[in-house]
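Enquirer: any chance you could fold what I've pasted below:
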Amino acid sequence: EMLRSLVGSEMCIRDRIIIIRPRHCRWCTHIYYGMKHVVEEAEKTKTPYIDLENGKATKEQIIDTIKNNPDYNFISMTGHGSPSLYTAENEEIVFNIENCGILSNKTTWAHSCLTGKQLGPAVIKKNGNAYTGFIIEWMWAYTEDEKGDFKYPDPYDDPIAKMFFTSANMVPNTVLHGRTINEAYQASIEEYNHWIDTLFKSDIENAGQLIGLLAV
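Expert: Numbering: from 1, shown residues only. Just a heads-up that it's a prediction; the model follows:
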């Protein structure tokens with residue numbers, strides 16, 4: 001399973017969310033605007049949320065916010081990562097296997113490459129309620145402009161990128177509707193499968209390549 005979900009304790013309150021979405025990092029335009037739709041889902045479900053976006057997504061502000069808001073038990077974060085660490089604004093290292101105990105008693109979703117390999121298990125060992133993230137480098141496709149950049153800053157406006165981001169966002173958005181993290185994990189897989197099935201029935205150019213990326 002390329003998307004790993006690790007669950008510790010059975011009890012977990014998920015009625016408050018901290019959203020972390022950096023903007024200034026490599027390829028982070030889609031990541032930043034893609035996570036905006038999690039903010040919108042929190043508003044729709046009337047879930048109390050803190051949006052650490054753009055310049056607020058620094059190590060100092062993230063850690064202070066988590067410490068000062070202990071009743072916010074769901075952490076939804078995006079940004080670059082590696083097996084043992086997660087980075088946010090300007091690719092500053094925020095969490096590693098040494099300091100990740102701050103995520104104890106939290107349910108964490110990391111839309112970030114590779115962190116499910118070591119960081120996630122380390123969080124669980126330090127009494128994290130749950131950690132869901134990727135054990136591969138997460139990949140997506142998008143529509144290019146004439147310079148080869150993102151034609152659509154918001155991936156939901158891009159008919160290609162949307163398939164990848166709605167699939168990933170299914171994890172936090174499902175939790176925001178009161179479902180368990182394991183149900184959210186399965187809902188994300190089902191969303192990927194939905195787009196794969198849609199592409200099999202379509203005549204979209206490069207459908208085979210898109211299916212391959214979604215399948216990974």
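Enquirer: against Asp158, how distant is Asp203?
Expert: Per Cβ to Cβ, to the nearest Å, Asp203 is found 19 Å from Asp158. All C-beta atoms are positioned from the backbone trio N, CA, C, and that covers glycine.
Enquirer: likewise Thr78?
Expert: 17 Å.
Enquirer: who's more crowded, Asp203 and Asp158?
Expert: Taking other Cβ atoms under 10 Å, Asp203 and Asp158 do not tie; Asp158 has more neighbours (21 against 6).
Enquirer: could you give the backbone dihedrals for the more buried one?
Expert: When read as degrees, to the nearest 10, the backbone of Asp158 gives phi -100, psi 120.
Enquirer: let me see the contact set for it.
Expert: Asp158 sits next to 142-143, 150-152 when contact means Cβ atoms under 8 Å, 6 or more residues apart in numbering.
Enquirer: can you pull the pLDDT of it?
Expert: The model reports Asp158 with a pLDDT of 96.
Enquirer: now the one 10 residues further on
Expert: Confidence at Ala168, expressed as pLDDT, is 95.
Enquirer: and it, how many neighbours does it have?
Expert: Look at Ala168: counted by other Cβ under 10 Å, it has 24 neighbours.
Enquirer: touching, it and Ala110? I think so.
Expert: No: between Ala168 and Ala110 there is no contact under Cβ atoms under 8 Å: 10.4 Å.
Enquirer: first-to-last residue distance for stretch 142-160?
Expert: 5 Å (Cα to Cα, to the nearest Å).
Enquirer: buried residues, it. List them.
Expert: 142, 150, 152, 154-156, 158, 160 (16 or more other Cβ atoms under 10 Å).
Enquirer: can you tell me how far Val216 sits from Asn69?
Expert: Distance of Val216 to Asn69, given as Cβ to Cβ: 36 Å.
Enquirer: please enumerate the strands of the chain.
Expert: Using DSSP state E, the strands of the chain run over residues 3-7, 17-21, 49-53, 74-78, 81-82, 85-87, 93-96, 107-111, 130-134.
Enquirer: what pLDDT does the closest residue to Tyr32 other than its chain neighbours get?
Expert: Spatially, and ignoring its direct neighbours in sequence, Tyr32 is nearest to Arg23 (4.2 Å; Cβ to Cβ, 6 or more residues apart in numbering). Note on Arg23: pLDDT of 92.
Enquirer: where does this protein dip in pLDDT?
Expert: The chain contains residues with pLDDT under 70 at 1-14.
Enquirer: quick one: residues in contact with whichever helix in the chain runs longest.
Expert: The longest helix of the chain (DSSP state H) is helix 181-200. Identification of contacts with helix 181-200 by Cβ under 8 Å, 6+ apart yields 3, 5, 7, 12, 14, 107, 109, 130, 132, 163, 166-168, 170-175, 179, 207, 210-211, 214-215.
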